[in-house]
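Chemist: below are the sequence and a predicted model for it; my questions follow.
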Amino acid sequence: MTDLLTSAQMRAIEQAAFDSGEVTGAELMERAGQGVVDAVFEVFPKLQDSRPVALVLCGPGNNGGDGFVIARLLSERGWRTECYLYGDPARLPPDAKANHDRWAGMGTVVPFGDWRFSLRWGYGDAEETPSLIVDALFGTGLTRPLADDLDKALRELDTRFPEGTVRRVAVDAPSGLCMDSGRPIDPDHDGELPSRQDLTISFHRLKRGHVLANGPEWCGQVRVADIGLDQGALRLARERLREDLSDMAALAKPDIYFLRKGGEEYPIAHKYDYGHALVLSGGPGRSGAARLAARAALRVGAGLVSVAAPGTAMAECAAHLTSVMLRRCNGASDLGVLLEDDRLNALCLGPGLGLGAATRDMVVTALGSRRRCVLDADALTSFADQPPTLFAHLHSKVVLTPHTGEFARLFPDIWERLSRQPERGPAYSRIEAAQEAAARAGCTVLLKGPDSVIAEPGGRALVHAASYDRAAPWLATAGSGDVLAGMITGLLARGFWPVRAVESATWMHVEAARSFGPGLIAEDLPEALPGVLSSLGA
Ligand SMILES: NC(=O)C1=CN([C@@H]2O[C@H](COP(=O)(O)OP(=O)(O)OC[C@H]3O[C@@H](n4cnc5c(N)ncnc54)[C@H](O)[C@@H]3O)[C@@H](O)[C@H]2O)[C@@H](O)CC1
Ligand SMILES: Nc1ncnc2c1ncn2[C@@H]1O[C@H](COP(=O)(O)OP(=O)(O)O)[C@@H](O)[C@H]1O
Ligand SMILES: [K+]
């Protein structure tokens, strides 16, 4: 389990470590600076052979303190390093002040008022041009937008050294990014930070802002530096700050133990031991989405999968289905009859189902059967005018899988908070939005996107980040959400508890896309699943 921390959680862990006597602030700062320098040369080995000239931008807090450590360590490696300080040296916090003073005995500290980037750096002298710019201005302590003069100076610096001419590295966070939400605190610039980093080094664990919203876009790559905070500090912090840490989010991962067929759980299993999923289809010309979902449910290991289609779409479905079975279902009352078969243990409603009263009725019937159930697409949008009607029927075995647009229709007030440009930090995040939605709905909610958030009504949240080395831009293709809904349904049929089904499915969905690569269309996803399952050892 990889935790994703808020700034407050990170501070609580740090404080617990100090109080336990395990480490001092000065030691942590030294390790943080060392962690940055190590990561920089590991990720960009060619920097060792380039111009050894660095510019370190230090801020008024401990992020700036890390910057002074980095300057010293670079200098010890023979780099010509200059520090620019935004802030009053006399008001730096103690550890940052100590490192400032130590550095001031070795090199220069240019006060902000004297920043003349375009004149001092690379002005007719290639030798002077930095090959590394370190952003140690603000980290987890950012609470408000960058001041105009600082923002302007940073933008000038950014244009002075275009992308590719210098490596930009951020300490903990690209300055201006809220680390609780991944959203720039920058109402005046429409969320455009002054510069895009090539590498961001987090400490101890990733923070939420590294993976949520625009975080990955501004961080470039991320690395986590181990600064030696052990489990003891985490335990102590947890005991002290139950509230802050009980909602610690984590990164999603596949549940390998339960994905495996056979094994200790089912040494001689029958197909019904893996459940029977039922996917409802729309009318003629609209059955593709349900068929995609059904195939995905079967590929992910449901024992049996049926599509239930209106009479008018039976021929179309029959022409395309082989191992997936077919049932007639002309509406809510037919669905009620089908559900008398209690072997049908997981339902999927929404993909291609059509909008309106007929869909609403089928949803209500499905929910009334208390089956495990995935509601996606049209099953959600059909309640856009009356979300409370839907919420009244939901229960803990249901999963809602809205994309952003569907989420906005069902939870307009939550969406409004999430889409407002943040003026202060910590900003409202997609994790909080999904948590609030799950609490209101009383069931598991998957808020889809490159940063998919899975939230349970009890408050626990998981994030599946399709970013950095797990980026899967090919998933932005019609029907990929239908496949995901089917995968979740298949895992529910196999007996997975909702949050586990969603966690494993979102992970494998991205993995399937990545294993296929460019040119992916939704039909390829179920076919890529056997490879994904094998690679997991399932
Ligand atoms: N928490 C930990 O365990 C560790 C933290 N370290 C570093 O400490 C950083 C956090 O330090 P701080 O809490 O001092 O926070 P920062 O250094 O991120 O920010 C410090 C100060 O800036 C002020 N501020 C916030 N937004 C501003 C704005 N827009 N304009 C001007 N001033 C603004 C704040 O009031 C605060 O005084 C981390 O990001 C990391 O770099 C590391 O030294 C290693 C360990
Ligand atoms: N750029 C992207 N990177 C990673 N995953 C993405 C990206 N765009 C979309 N996805 C994923 O693809 C799926 C799309 O679902 P959805 O929007 O419901 O599409 P559709 O309705 O066409 O099936 C979601 O699981 C979403 O998380
Ligand atoms: K920073």
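Modeler: Done, it's in. Because the structure is predicted, anything quoted here is derived from the model rather than measured. Residues are numbered from 1 along each chain as shown. Ligands and ions are numbered 1, 2, ... in the order given.

Chemist: can you list the low-confidence ranges for the stretch 51-200 of the chain?
Modeler: Counting by pLDDT under 70, the ranges of the stretch 51-200 of the chain that qualify are 116-127.

Chemist: and the strands in it?
Modeler: 53-58, 80-85, 109-111, 132-136, 167-171, 177-178, 183-184, 199-203 (DSSP state E, counting those that start in this stretch).

Chemist: want to throw these into CSV with distance to residue 94 and mean neighbour count?
Modeler: Every C-beta, even on glycine, is put in place using the N, C-alpha and C of the backbone. Output for these, formatted as CSV (distance: least, C-beta to C-beta, whole Å; neighbours: other C-beta atoms under 10 Å):
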stretch, distance to residue 94, mean neighbour count
strand 53-58, 15, 27
strand 80-85, 16, 22
strand 109-111, 17, 15
strand 132-136, 17, 28
strand 167-171, 18, 27
strand 177-178, 26, 31
strand 183-184, 30, 28
strand 199-203, 18, 26
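
Chemist: dig out what the residue in the stretch 201-350 of the chain positioned nearest to ligand 3 forms beta bridges with.
Modeler: Closest residue of the stretch 201-350 of the chain to ligand 3, C-beta to the ion: residue 201 (9.4 Å). Note on residue 201: beta-bridge partners by DSSP bridges are residue 171, residue 223.

Chemist: tell me the spacing between it and residue 39.
Modeler: 5 Å (C-beta to C-beta, to the nearest Å).

Chemist: check residue 389 too.
Modeler: Between residue 389 and residue 39 the computed distance is 52 Å (C-beta to C-beta).

Chemist: neighbour count: these two, which is higher?
Modeler: residue 39 (20 against 13; other C-beta atoms under 10 Å).

Chemist: can you verify my assumption that that one contacts residue 203?
Modeler: No. Assessed by C-beta atoms under 8 Å, residue 39 is found out of contact with residue 203, at 10.6 Å.

Chemist: overlap in contacts, those two.
Modeler: Residues touching both residue 39 and residue 203 by C-beta atoms under 8 Å, 6 or more residues apart in numbering: residue 225.

Chemist: nearest to ligand 3: which residue in the stretch 1-150 of the chain?
Modeler: For the stretch 1-150 of the chain, C-beta to the ion, closest residue to ligand 3: residue 135, 4.5 Å.

Chemist: circling back to that earlier point, overlap in contacts of residue 201 and residue 39?
Modeler: 223, 225.

Chemist: circling back to that earlier point, now render the strands of the stretch 51-200 of the chain as TSV, adding distance to ligand 2.
Modeler: TSV is the format used below for those (distance: least, C-beta to the nearest ligand atom, whole Å):
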stretch	distance to ligand 2
strand 53-58	31
strand 80-85	36
strand 109-111	41
strand 132-136	26
strand 167-171	23
strand 177-178	20
strand 183-184	18
strand 199-203	19
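
Chemist: just put these in TSV and tack on distance to residue 476.
Modeler: Below are those laid out as TSV (distance: least, C-beta to C-beta, whole Å):
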stretch	distance to residue 476
strand 53-58	35
strand 80-85	40
strand 109-111	44
strand 132-136	30
strand 167-171	27
strand 177-178	23
strand 183-184	21
strand 199-203	24
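
Chemist: where do the helices sit along the stretch 351-500 of the chain?
Modeler: Using DSSP state H, counting those that start in this stretch, the helices found in the stretch 351-500 of the chain span residues 357-368, 377-381, 387-393, 404-410, 412-419, 430-441, 480-493, 498-516.

Chemist: the stretch 151-300 of the chain too?
Modeler: Assigned by DSSP H, counting those that start in this stretch, the helices in the stretch 151-300 of the chain fall at 208-211, 215-219, 231-240, 242-246, 256-259, 288-299.

Chemist: okay if I get those helices as JSON lines plus mean pLDDT?
Modeler: As requested, the helices of the stretch 151-300 of the chain are exported to JSON lines (pLDDT from 0 to 100):
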{"stretch": "helix 208-211", "mean pLDDT": "98"}
{"stretch": "helix 215-219", "mean pLDDT": "97"}
{"stretch": "helix 231-240", "mean pLDDT": "76"}
{"stretch": "helix 242-246", "mean pLDDT": "58"}
{"stretch": "helix 256-259", "mean pLDDT": "88"}
{"stretch": "helix 288-299", "mean pLDDT": "98"}
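
Chemist: can you lay out the ones you listed as TSV showing distance to residue 22 and mean neighbour count?
Modeler: TSV is the format used below for the helices of the stretch 151-300 of the chain (distance: least, C-beta to C-beta, whole Å; neighbours: other C-beta under 10 Å):
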stretch	distance to residue 22	mean neighbour count
helix 208-211	25	29
helix 215-219	29	24
helix 231-240	6	16
helix 242-246	17	13
helix 256-259	33	15
helix 288-299	47	28
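
Chemist: and those: which comes nearest ligand 1?
Modeler: Among those, the nearest to ligand 1 by C-beta to the nearest ligand atom is helix 231-240 (9.2 Å).

Chemist: list the helices and strands the closest one packs on?
Modeler: Here helix 231-240 touches helix 7-19, helix 242-246, going by 3 or more C-beta pairs under 8 Å, 6 or more residues apart in numbering; DSSP states H and E.

Chemist: got a list of contacts for it?
Modeler: With contact meaning C-beta under 8 Å, 6+ apart, helix 231-240 is reached by 9, 12-17, 19-20, 22, 245-246.

Chemist: say whether ligand 2 is contacted by stretch 422-442.
Modeler: No. Against ligand 2, stretch 422-442 shows no contacts by C-beta under 6 Å from any ligand atom, the least distance being 11.7 Å.

Chemist: ok, that stretch near ligand 1 or not?
Modeler: No. Judged by C-beta under 6 Å from any ligand atom, stretch 422-442 stays clear of ligand 1, getting no closer than 7.3 Å.

Chemist: among the helices of the stretch 351-500 of the chain, which is the most enclosed?
Modeler: Of all those, helix 480-493 has the most neighbours on average by mean count of other C-beta atoms under 10 Å, namely a mean of 30.

Chemist: convert the C-alpha atoms of that one to CSV, please.
Modeler: Provided in CSV are the C-alpha atoms of helix 480-493 (Å, rounded to 0.1, in the frame of the first residue of the first chain):
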residue,chain,number,x,y,z
SER,A,480,-13.1,2.4,-22.8
GLY,A,481,-15.3,3.3,-19.9
ASP,A,482,-17.8,0.6,-21.0
VAL,A,483,-15.0,-1.9,-20.8
LEU,A,484,-14.1,-0.7,-17.3
ALA,A,485,-17.7,-1.0,-16.1
GLY,A,486,-17.7,-4.6,-17.4
MET,A,487,-14.4,-5.4,-15.7
ILE,A,488,-15.8,-4.1,-12.4
THR,A,489,-19.0,-6.1,-12.8
GLY,A,490,-17.0,-9.3,-13.6
LEU,A,491,-15.0,-8.9,-10.4
LEU,A,492,-18.1,-8.2,-8.4
ALA,A,493,-19.6,-11.4,-9.8
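
Chemist: which secondary structure elements does it sit against?
Modeler: Going by 3+ C-beta pairs under 8 Å, 6+ apart, helix 480-493 lies up against strand 276-280, helix 288-299, strand 344-349, strand 372-375, helix 377-381, helix 498-516, helix 524-536.
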